[in-house]
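Asker: Let's see this in three dimensions:
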Amino acid sequence: MTHPVDPHLVQLRARVDQHFGAAVDRSPEAFTCRLGCDRCCHQRFSVFEVEAAPLRDALTTLEAHDPALRQRIRAQAVDEALPHCALLIDGRCAVYEQRPLICRSHGLPIAVADEQDPEALRLDHCPLNFSEPGADIPRQSILVLDAINRPLAVLAELRAPRAPRVEISDLAK
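Answerer: Numbers count the residues shown, from 1 in each chain. I've put the predicted structure just below:
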């Protein structure tokens, strides 16, 4: 049985997706993000329970509609030597529509708090994007990561107070 996704999470996802779309529209030549580009997925992730619930539902649906694919995900989830997300199958996310916010923000130029000076922001982006010499990153394309992480943390706390983060590989088992 699937459960409705938190409407605030849906809204936050939509805003990040819109931001991403607008950034690509502004600088289409600067983005290499496309189907099969999975470099950002080559790490292990954890999520708050508010994002784990829709992933569980997506995996349950997958079990009913494509048990072979669901079994491949399980096999990857238990393979601790695997260097990428357990949900990455053949270069694409098996539950793309329910992917977490961290995945939705990958590829965007992001501003994160500088570890040395928390009042300052440090710009980061995928080395494959904006890689041409002299490529300028439009200011309005930069996603301030705290603008996503703070409301997500509030949603997480409201949904499951003090709950630990959930490893995606654990969800995928």
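Asker: which ones are touching the residue minimising distance to the centre of the chain?
Answerer: The centroid of the chain falls nearest to C103 when counting by Cα atoms, centre = their mean (1.5 Å). The contact partners of C103, by Cβ atoms under 8 Å, 6 or more residues apart in numbering, come to C40, C41, F45, C93. For the C-beta atoms, the positions are set from N, CA and C on the backbone; glycine is no exception.
Asker: Could you single out the nearest of those residues to C126?
Answerer: Minimum distance to C126 across the contacts of C103 is 6.4 Å, recorded for C40 (Cβ to Cβ).
Asker: That closest one in helix, strand or coil?
Answerer: Secondary structure, DSSP: H, G, I helix; E, B strand; the rest coil: C40 is helix.
Asker: go on, the one 10 residues further on?
Answerer: Under the three-state scheme (three-state DSSP), the conformation of V50 reads as helix.
Asker: Tell me how many other residues crowd it.
Answerer: 24 (other Cβ atoms under 10 Å).
Asker: gap between it and R99?
Answerer: Distance of V50 to R99, computed by Cβ to Cβ, to the nearest Å: 14 Å.
Asker: So which elements touch the longest helix anywhere in the chain?
Answerer: Ranked by residue count, the top helix of the chain under DSSP state H comes out as helix 7-26. Counting contacts by 3 or more Cβ pairs under 8 Å, 6 or more residues apart in numbering; DSSP states H and E, helix 7-26 is packed against helix 49-65, helix 101-105, strand 143-144, helix 146-159.
Asker: can you list the weak-confidence ranges in this protein?
Answerer: Low-confidence segments of the chain (pLDDT under 70): 1.
Asker: about what we covered before: right, and the helix or strand after the longest helix of the chain?
Answerer: strand 46-47 (DSSP states H and E).
Asker: contacts for that following strand?
Answerer: Outside strand 46-47, the residues within contact range by Cβ under 8 Å, 6+ apart are L55, P100, I102, R165, V166, E167, I168.
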